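Enquirer: just to be clear, the model below is a prediction. Sequence and coordinates:
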Amino acid sequence: MSDHIKEFCGVFGIHNHPEAAHMTYLGLFALQHRGQESAGIVSTNGKNFYSHMGEGLVSDVFSNPKVIQALEGSIAIGHNRYSTTGSCGLHNVQPLLARIQSGPIAVAHNGNLVNSATLRRGFENNGAIFQTTTDSEVILHLVARSKHNSLPDRIAEACRQLKGAYSLVFLSPDSLIAVRDPNGFRPLALGKMAGVHVVASESCAFDLIGAEYVRDILPGEMVIIDSQGLRSVHFAPSERITQCIFEYIYFSRPDSRIFGDFVDKTRRKLGKNLAEEYPAEGADMVISVPDSSNTAALGYAQKSNLRFEIGLIRNHYIGRSFIHPSQSGRNEYVKLKFNTVGGVLKDRKVVVVEDSIVRGTTLRKLTKLLRAAGAAEVHIRVSSPPIKYPCFYGMDFPTRKELIAHDRTVDEIKHFLNVDSLNYLSLEKMLASVPEEYGGYCHACFDGSYPIYVEPEISKNYLETGPALLRV
Ligand code: SF4
């Protein structure tokens, strides 16, 4: 029902902590926004692996404190997952566990591989048995088949054969290994607290456990953490860095630090640049579509010298399992999720800042609610360009046909939304808003310039007009 794109996963790992599983549980809690359909933790005491995973929120999966207590050891990794249609189910819950020649191993993956179909077919043709339908399982097969002796060498060789987005945490009986793909699509950060090393998709996980952010794990870098300490290896050259710009626009938490900067700061800048490019003259106030647009709306209001008001209230207590008995119930979902503040909106000319528009259906209903609450004018400002293309690098997008901007002009979208004005931030201004410390960005969902070729078997689910659409 959500009209927002969903993140696929969040990963966490910790080394040398007496309560490694409990810390991982907290870390996953902080990363809950990156995946709400399943969660899992694997820990080790150096001899055995202990695991618990299940479908649901972290608080559901680990509701019994005894479950965490049973996860022994001082090293652990964890994973939050959002499953796409057809791939949910307990068998796909991560971390994935296997026993290979060098011993037991577990892996948690954030991202999406774009050559997994070929790799998997090759293994299956040679008799390999797969336990899951995820792309992540080919990583374990590649590690298992490597002829190298050491685990880091095996993982490095495996990763050199992967294409696409992968931020990975591996667990072995004596080490925690973190890997980020050479393009650096998904974030992965390194943290520290009193002799303990941690890695996480976003630094907000460090804040919750009292660890401090050290740095990002770099594109093409592998960090090995064991009893000898921490060492870093560049397992593949990083020829073209294409970090996902959408992490800054919407996915990551505003209190996180990713790609070398604070999300809050960058999101605010997106709002300021939007105000500069598309001011709203004559408006009375700026409101946001809570919560994801709050920061950009603040930036917009600051730059425009307009009041920032709370015009929409979001209900945070609608469970994922809310049942929609009928089509009319479906229409009421927006009303369940958002309510208007009549006293703020009545007879006012309102600028609504939204971070992105996917299908446009929610925003259309929100506009109706705002008008019903008495808003005299509704002006939409979007802190990113129109989304015209799907993502193959770890975000759950609807098909291209479902994206409202794929075949409509901004004016047509304005009419569909029934608003007084509609403007999107330009691609140039968006790129001018993000930090350049670690290199470039992927913005393929806006302009179709995909940085890595995607196998037709993977792209066909999203591109109803055919894979010829892909420009690499
Ligand atoms: S296509 Fe869009 S969502 Fe996907 S990685 Fe690129 S910028 Fe991010």
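Expert: Everything's here; your move. Residues are numbered from 1 along each chain as shown.
Enquirer: what's the single longest helix in the protein?
Expert: As assigned by DSSP state H, the longest helix anywhere in the chain is helix 263-277.
Enquirer: where in the stretch 251-400 of the chain is pLDDT low?
Expert: By pLDDT under 70, the weakly predicted segments of the stretch 251-400 of the chain are 319-331.
Enquirer: at the contact with the ligand, which residues of it appear?
Expert: Neighbours of the ligand within the stretch 251-400 of the chain, by Cβ under 6 Å from any ligand atom: Cys391, Tyr393, Met395. (C-beta placed from N, C-alpha, C; glycine too.)
Enquirer: and for the last one, the neighbour number?
Expert: Meaning Met395. Residues lying near Met395 (other Cβ atoms under 10 Å) number 23.
Enquirer: that one reaches Glu247, doesn't it?
Expert: No. With contact defined as Cβ atoms under 8 Å, Met395 does not count as touching Glu247 (9.4 Å).
Enquirer: tell me the buried residues in the longest helix of the chain?
Expert: Within helix 263-277, the residues scored as buried using 16 or more other Cβ atoms under 10 Å are Val263, Asp264, Thr266, Arg267, Arg268, Lys269, Leu270, Gly271, Lys272, Asn273, Leu274, Ala275.
Enquirer: who's in contact with that helix?
Expert: 247-249, 252-257, 295-304, 353, 355, 381-384, 423, 425-426, 429-430, 432-435 (Cβ atoms under 8 Å, 6 or more residues apart in numbering).
Enquirer: list the helices and strands the helix or strand that that helix is followed by packs on?
Expert: Next helix or strand after helix 263-277 toward the C-terminus (DSSP states H and E): strand 285-288. Here strand 285-288 touches helix 294-304, strand 307-308, helix 342-345, strand 349-354, going by 3 or more Cβ pairs under 8 Å, 6 or more residues apart in numbering; DSSP states H and E.
Enquirer: tell me which residues in strand 285-288 are buried?
Expert: For strand 285-288, by 16+ other Cβ under 10 Å, it's Met285, Val286, Ile287, Ser288.
Enquirer: between those residues, which is closest to Lys163?
Expert: Nearest to Lys163, judged by Cβ to Cβ, of the buried residues of strand 285-288 is Ser288 at 37.4 Å.
Enquirer: for Asn423, see how far away the residue in the stretch 101-250 of the chain positioned nearest to the ligand is.
Expert: Closest residue of the stretch 101-250 of the chain to the ligand, Cβ to the nearest ligand atom: Cys244 (3.2 Å). Taking Cβ to Cβ, to the nearest Å as the measure, Cys244 falls 24 Å from Asn423.
Enquirer: which of these two has more residues huddled nearby?
Expert: Using other Cβ under 10 Å as the criterion, Cys244 and Asn423 rank with Cys244 on top: 28 against 16.
Enquirer: so how far is Gly184 from that one?
Expert: Cys244 is 9 Å from Gly184, where distance means Cβ to Cβ.
Enquirer: could you do Asp216 as well?
Expert: Separation of Asp216 from Gly184 (Cβ to Cβ): 8 Å.
Enquirer: joint contacts of these two?
Expert: Phe259, Tyr438.
Enquirer: okay, those two: which has more neighbours?
Expert: Neighbour totals were compared for Asp216 and Gly184, and Gly184 leads with 28 against 22 (other Cβ under 10 Å).
Enquirer: what is the neighbour count of the residue nearest to that one when sequence neighbours are not counted?
Expert: Excluding its sequence neighbours, the residue lying closest to Gly184 (Cβ to Cβ, 6 or more residues apart in numbering) is Pro219, at 3.1 Å. Pro219 has 25 neighbours, counted by other Cβ under 10 Å.
Enquirer: the ligand: which of the residues of the stretch 251-400 of the chain next to the ligand is nearest?
Expert: If you rank those by distance to the ligand using Cβ to the nearest ligand atom, Cys391 comes first, at 3.0 Å.
Enquirer: these two touch, right, that closest one and Ala444?
Expert: Yes. With contact taken as Cβ under 8 Å, Cys391 and Ala444 are classed as touching, separated by 7.0 Å.
Enquirer: more neighbours, these two?
Expert: Neighbours per residue (other Cβ under 10 Å) separate Cys391 from Ala444, with Ala444 holding more: 25 against 22.
Enquirer: the more buried one and the ligand, how far apart?
Expert: Using Cβ to the nearest ligand atom, to the nearest Å, Ala444 is found at 4 Å from the ligand.
Enquirer: contacting residues for that residue?
Expert: By Cβ under 8 Å, 6+ apart, the contact set of Ala444 is Tyr389, Cys391, Tyr393, Tyr450, Pro451.
Enquirer: repeat for Arg240
Expert: Counted by Cβ under 8 Å, 6+ apart, Arg240 has contacts Asn183, Gly440, Pro451.
Enquirer: check contacts around the closest residue to the second one other than its chain neighbours.
Expert: By the measure of Cβ to Cβ, 6+ apart, the closest residue to Gly440 outside its immediate chain neighbours is Ile241, 5.1 Å from it. For Ile241, the contacting residues are Asn183, Gly184, Pro219, Tyr438, Gly439, Gly440, taking Cβ under 8 Å, 6+ apart as the criterion.
Enquirer: of all these, which comes closest to Val67?
Expert: Checking those one by one against Val67 (Cβ to Cβ), the nearest turns out to be Gly184, at 34.4 Å.
Enquirer: which pLDDT value belongs to the closest one?
Expert: On pLDDT, Gly184 comes in at 97.
Enquirer: ok, the one 5 residues further on next?
Expert: The predicted structure scores Ala189 at 98 on the pLDDT scale.
Enquirer: before we move on, what about the one 10 residues further on?
Expert: Per-residue confidence (pLDDT) for Val199: 98.
Enquirer: you'd agree it is in a strand?
Expert: Yes. Counting by DSSP: H, G, I helix; E, B strand; the rest coil, Val199 is found in a strand.
Enquirer: name whatever forms a beta bridge with it.
Expert: Beta bridges link Val199 to Gly13, Leu190, judged by DSSP bridges.
Enquirer: kindly report the same for Ala98.
Expert: Beta-bridge partners, per DSSP bridges, of Ala98: Ile105.
Enquirer: which residues of the stretch 101-250 of the chain lie near the ligand?
Expert: Residues of the stretch 101-250 of the chain lying near the ligand (Cβ under 6 Å from any ligand atom): Phe185, Cys244, Ile245, Phe246.
Enquirer: at 5 Å what do you get?
Expert: Proximity of the stretch 101-250 of the chain to the ligand (Cβ under 5 Å from any ligand atom) is limited to residues Cys244, Ile245, Phe246.
Enquirer: low-confidence stretches in the stretch 1-150 of the chain?
Expert: Checking the stretch 1-150 of the chain against pLDDT under 70 turns up 1-7, 83-88.
Enquirer: what do you get if the cut-off is 50, keeping everything else the same?
Expert: Counting by pLDDT under 50, the ranges of the stretch 1-150 of the chain that qualify are 1-2, 85-86.
Enquirer: how about the strands in it?
Expert: Along the stretch 1-150 of the chain, counting by DSSP state E, counting those that start in this stretch, strands occupy 6-7, 9-15, 38-44, 49-55, 75-81, 96-100, 103-110.
Enquirer: what about the helices in the stretch 1-150 of the chain?
Expert: For the stretch 1-150 of the chain, helices defined by DSSP state H, counting those that start in this stretch occupy the ranges 20-30, 58-61, 65-69, 116-125, 137-145.
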